[in-house]
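>>> Next come a sequence and a model predicted from it.
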Amino acid sequence: MAEARCPASCGELIQGWILGGEKLISCPINWFSTVSVTDGCPDHLERPRMRQMLKAVLAYFNQPADMARGLHISFDSTIPVSKGLASSTADIAATALATARHLGETLDETTIANLCVRLEPTDSTVFHQLTLFDHQTAATQISYDWQPCVDILLLESPNTLNTEDYHRRHRLPALQASAPSLMQAWQLFTQAAEHHDYAMLGQSTTLSAKASQHLVVKPDFPTLLDLVEDLDLYGLNVAHSGSVVGLLLDRQRHDVEQLYWQLRQRKIHQNYPNQHLLTMVPGGVR
């Protein structure tokens, strides 16, 4: 048996029109999709793009296509789907490396990224470092040598959004209109990474989240901004093509119980009934 796993993402730290096209920096968290590839018959339980990725990896290593009929895929995932948590990227990226390992081979992260974008828009959780990534072509890959020690209170809405449906929308005018804000957000993020500045990190993610409201509205967004300000949290981030919101904080510095209480007092919990205290982790398939 060969196995690999890839983390989820709490939406994106930033996403929007940067350097002449839409790009993103994912926010890897400690939820994972774990995929195993073994000899055996395929079954109906696997997710469709997993089989597509398995076949793509066989082709990459010049293996016969009919070899796929003798390979079984199984998976275990803690990642909710259709919420903007990079569940599909985690599935197919882990499938890619698990398949390679089953063949006695390996794949570097750039190759995994290129294989993934051939199937669908891909999150930069496939990279070990935080990376500005062209999630549709893989043409841009700018990495940052900083792994923030950040906790995230992930606010999960019951609402779902299919990523493919999101990318079929006519988003170009809104994306280009918010390009100045995204350039500022990216510059702030770059400075935050250089100086390991958490306040600046929160400023960059919050600025990107505000711009995203023109594309995918998050309920209670003004109230969430007030909450961040009142409790002196680092900031917030959102799933730009999903429904979750992340509150960026340090559980040693910030009063998490007060935060939970405020979510109830301000009735934010009605739109985000599930809350998960998570940690930002390094990305990459392992």
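Sure thing, it's come through.
>>> neighbouring contacts of stretch 154-173?
Contacts of stretch 154-173 with the rest of the structure, by C-beta atoms under 8 Å, 6 or more residues apart in numbering, involve 10, 22, 29, 80-84, 88, 120-121, 136, 215-216, 218-219, 224, 241-247, 263, 268, 271-278. Yep, even glycine has a C-beta here, placed from its N, CA and C like the rest.
>>> Just these: which are in helices?
Mapping the contacts of stretch 154-173 onto helices (DSSP state H) picks out Ser88, Leu224, Leu263.
>>> So what's the residue count around the second one?
Leu224 has 24 neighbours, counted by other C-beta atoms under 10 Å.
>>> So this protein: which segments form each domain?
What the record gives for the chain is the domain set 2-142, 146-279, from the TED database.
>>> Make CSV from these and add distance to Val285 to it.
Shown next, in CSV, are the domains of the chain (distance: least, C-beta to C-beta, whole Å):
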stretch, distance to Val285
domain 2-142, 5
domain 146-279, 16
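>>> How many neighbouring residues does the nearest residue to Lys55 once chain neighbours are set aside have?
Nearest non-adjacent residue to Lys55, counting by C-beta to C-beta, 6 or more residues apart in numbering: Ala68, 5.1 Å away. Residues contacting Ala68 under the criterion other C-beta under 10 Å number 18.
>>> Next: Cys116.
Neighbourhood size, Cys116 [other C-beta under 10 Å]: 27.
>>> where's it relative to Ala90, distance?
Distance, Cys116 to Ala90, by C-beta to C-beta, to the nearest Å: 10 Å.
>>> mind listing the helices in this structure by residue range?
Using DSSP H, the helices of the chain run over 48-60, 87-102, 109-117, 163-168, 172-177, 179-195, 198-212, 221-230, 256-265.
>>> how about these in JSON lines, adding distance to Ser36 and mean pLDDT?
As requested, those are exported to JSON lines (distance: least, C-beta to C-beta, whole Å; pLDDT from 0 to 100):
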{"stretch": "helix 48-60", "distance to Ser36": "11", "mean pLDDT": "97"}
{"stretch": "helix 87-102", "distance to Ser36": "6", "mean pLDDT": "98"}
{"stretch": "helix 109-117", "distance to Ser36": "17", "mean pLDDT": "98"}
{"stretch": "helix 163-168", "distance to Ser36": "25", "mean pLDDT": "68"}
{"stretch": "helix 172-177", "distance to Ser36": "38", "mean pLDDT": "91"}
{"stretch": "helix 179-195", "distance to Ser36": "35", "mean pLDDT": "98"}
{"stretch": "helix 198-212", "distance to Ser36": "34", "mean pLDDT": "98"}
{"stretch": "helix 221-230", "distance to Ser36": "39", "mean pLDDT": "98"}
{"stretch": "helix 256-265", "distance to Ser36": "35", "mean pLDDT": "98"}
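>>> can I get the ones you listed in TSV with distance to Trp17?
Converted to TSV, the helices of the chain look like this (distance: least, C-beta to C-beta, whole Å):
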stretch	distance to Trp17
helix 48-60	27
helix 87-102	21
helix 109-117	18
helix 163-168	14
helix 172-177	4
helix 179-195	4
helix 198-212	9
helix 221-230	20
helix 256-265	32
